[in-house]
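A.B. asks: Quick check, what structure comes out for this input:
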Amino acid sequence: MKNHRLVKLLIFGILLHTNPSLGQDVSAQSVEKASKEAQSQCPDFQEQTRAPGVRTQTDYSVETITDKLNFPWGMDFLPDGKLIVSEKPGRIKLISKEGQVGPALKGVPEVRYEGSGGLFDIKLSPDFETSRKVFWTYVSTYEGEAMNQVASGVLSRDETEIQDVKIIYEIKPTQGGKFHFGSRLLFDSEGMLLVTFGDRFRNGRKDVQEMNAALGKIIRITPEGKAAKGNPFENAENTLPEIWSLGHRNPQGLAFNPATQELWESEHGPRAGDEINRIKKGGNYGWPQVSFGLEYDGSPVDGTGLTKKTGMESPVYYYDPAVAPSGMTFYDGDLIPEWKNNLFVAMLRGMHIARLVIDNATGRIVGEERLLTEEKQRFRHVVQGPDDALYAITDDENGRLYRISTKK
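C.D. replies: Residues are numbered from 1 along each chain as shown. Model prediction:
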């Protein structure tokens, strides 16, 4: 019996230890303790869900910079360190480095603030220092229905308004539906703009696998809104040349992995089945034909319940139960070296920021940590600042802006 107990202790010591390849404490236990929704489904490989828990060893601090935002959605940093932030009801504001929230900028077009619609992501042009151009996504009204749009404008020198506003891209027909607009923005290394669009929840779901519709797609366009050169379907018939990937349900996060330059994405699943994906050029990510999770009524998704299918990409990672992943960023700063190249994802329903450790040799997630759980906030987005700290915003009428950094 003593030998048996010793073996158990040795096994526990192996399972809970500092893993040199990861650089942090690793536990055999997943951070997810709740029961699965889709009990009969199994992952395709061991690291596809409920990865071992990890724990940050660096003593870090969490500071609330402001709680005076109204349902913030997107944010980006100006060259002087100010933040430009979008608020879902239809406002764009600047926040000083000291946390003072400025008035709403003038010149922003009216948005349709209904369901999950409103003003979404915001990004500065890569040449902002000379052009002062800003890009954002939002929902407007077309023939009585909600419509996704991408706009650009110029931030005035006195930083009081957006000028020369242009609608550079829009989805027609609108297909109805008040939810699942997607709408995350990201510039690639060539200065092209990647935009995510959801399935619109109802009528739009059938268009996700259709190549003549932008719903349920990631598109790649020029700053003027035209299909970018080098897109995977640019010469295909009856196909939108701006499509980069397809088969997405409600994608709300995009980021490039600095270690591999691969594009990663997060999207909301149905009842469970939230996904983290590595986006391949021209890849089909399956929705609604394949999905982990269930329909909201508990029935199999698309009537089949398939979790994989030939010609469709499986998620790198999925969540069951749902955590509602939104904005995300890879950390490549030096403040907290053990976070280098880790992926941070803002979770709405999960009310935390997920830290995901990636084995870049395999492209799989090998560790997970949940940060800021004690704040009990719906986290909408997280970005890395010019000071190498992480900044996160929360989805609330008294939305907060957090700064996560080393202790002073």
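A.B. asks: Show the contacting residues for the closest residue to N70 other than its chain neighbours.
C.D. replies: Excluding its sequence neighbours, the residue lying closest to N70 (Cβ to Cβ, 6 or more residues apart in numbering) is E87, at 4.9 Å. For every residue, glycine as well, the C-beta is placed using N, CA and C. Counting by Cβ atoms under 8 Å, 6 or more residues apart in numbering, E87 makes contact with L69, N70, F71, P72, W73, K93, A104, L119, G399.
A.B. asks: neighbours of the fifth one, just the number please.
C.D. replies: When neighbours are counted by other Cβ atoms under 10 Å, W73 registers 28.
A.B. asks: Number of residues surrounding G303?
C.D. replies: Applying other Cβ under 10 Å, we find 9 residues neighbouring G303.
A.B. asks: before we move on, what about Y331?
C.D. replies: Neighbour count of Y331, defined by other Cβ under 10 Å: 24.
A.B. asks: cool, T260 as well?
C.D. replies: Neighbourhood size, T260 [other Cβ under 10 Å]: 15.
A.B. asks: Check what pLDDT the closest residue to it other than its chain neighbours gets.
C.D. replies: Spatial nearest neighbour of T260, chain neighbours left out: N360 (5.6 Å); criterion: Cβ to Cβ, 6+ apart. The model reports N360 with a pLDDT of 94.
A.B. asks: distance of N360 from D388?
C.D. replies: Distance from N360 to D388, counting by Cβ to Cβ, to the nearest Å: 20 Å.
A.B. asks: ditto for D158
C.D. replies: Per Cβ to Cβ, D158 is found 30 Å from D388.
A.B. asks: In terms of neighbours, single out the busier of the two.
C.D. replies: D388 (15 against 6).
A.B. asks: Contacts only, for that one.
C.D. replies: D388 makes contact with G333, D334, L335, S405, according to Cβ under 8 Å, 6+ apart.
A.B. asks: residue contacts, the second one?
C.D. replies: The neighbourhood of D334, defined by Cβ under 8 Å, 6+ apart, consists of D388.
A.B. asks: Got phi/psi on it?
C.D. replies: Note on D334: its backbone torsions stand at phi -120, psi -10 [degrees, to the nearest 10].
A.B. asks: and the gap between it and S405?
C.D. replies: Here D334 is placed at a distance of 12 Å from S405 (Cβ to Cβ).
A.B. asks: re the thing from before, buried subset of the contacts of E87?
C.D. replies: Neighbour-count burial (16 or more other Cβ atoms under 10 Å) applied to those gives L69, N70, F71, P72, W73, K93, A104, L119, G399.
A.B. asks: would TSV of those with distance to R50 be doable?
C.D. replies: Output for the buried ones among the contacts of E87, formatted as TSV (distance: Cβ to Cβ, whole Å):
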residue	distance to R50
L69	33
N70	35
F71	31
P72	30
W73	29
K93	39
A104	42
L119	35
G399	30
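A.B. asks: what's the closest of those residues to T260?
C.D. replies: W73 (27.8 Å; Cβ to Cβ).
A.B. asks: surely the closest one meets F379?
C.D. replies: No: look at W73 against F379 with Cβ atoms under 8 Å: they stay out of range, at 11.7 Å.
A.B. asks: where do the contact lists of the two overlap?
C.D. replies: With Cβ under 8 Å, 6+ apart, W73 and F379 have common neighbours I393, D395.
A.B. asks: Sketch out the strands for the stretch 201-350 of the chain, chain order is fine.
C.D. replies: With strands called from DSSP state E, counting those that start in this stretch, the stretch 201-350 of the chain shows them at 217-221, 243-246, 251-256, 263-267, 274-279, 317-319, 325-330, 343-347.
A.B. asks: Grab the CA positions of the last one and hand them over as PDB.
C.D. replies: This points to strand 343-347. Provided in PDB are the C-alpha atoms of strand 343-347 (Å, rounded to 0.1, in the frame of the first residue of the first chain):
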ATOM      1  CA  LEU A 343      -2.800  34.000 -27.600                       C
ATOM      2  CA  PHE A 344      -5.200  36.100 -25.400                       C
ATOM      3  CA  VAL A 345      -8.900  35.900 -26.100                       C
ATOM      4  CA  ALA A 346     -11.600  38.100 -24.600                       C
ATOM      5  CA  MET A 347     -14.600  36.000 -23.400                       C
END
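A.B. asks: centroid residue for this protein?
C.D. replies: In the chain, the residue lying closest to the centroid (Cα atoms, centre = their mean) is G253, at 1.5 Å.
A.B. asks: That residue is in contact with F344, isn't it?
C.D. replies: No: under the criterion of Cβ under 8 Å, G253 is not in contact with F344, lying 10.0 Å apart.
A.B. asks: what sits in contact with each of the two?
C.D. replies: Both G253 and F344 are contacted by M328, under the criterion Cβ under 8 Å, 6+ apart.
A.B. asks: so L294 sits right up against A38, yeah?
C.D. replies: Yes: counting by Cβ under 8 Å, L294 touches A38, with 5.3 Å between them.
A.B. asks: Common neighbours of these two, please.
C.D. replies: Residues touching both L294 and A38 by Cβ under 8 Å, 6+ apart: R271, A272, G273, G305.
A.B. asks: Of the residues you listed, which is the most crowded?
C.D. replies: Busiest of the shared contacts of L294 and A38 [other Cβ under 10 Å] is G273, holding 27 neighbours.
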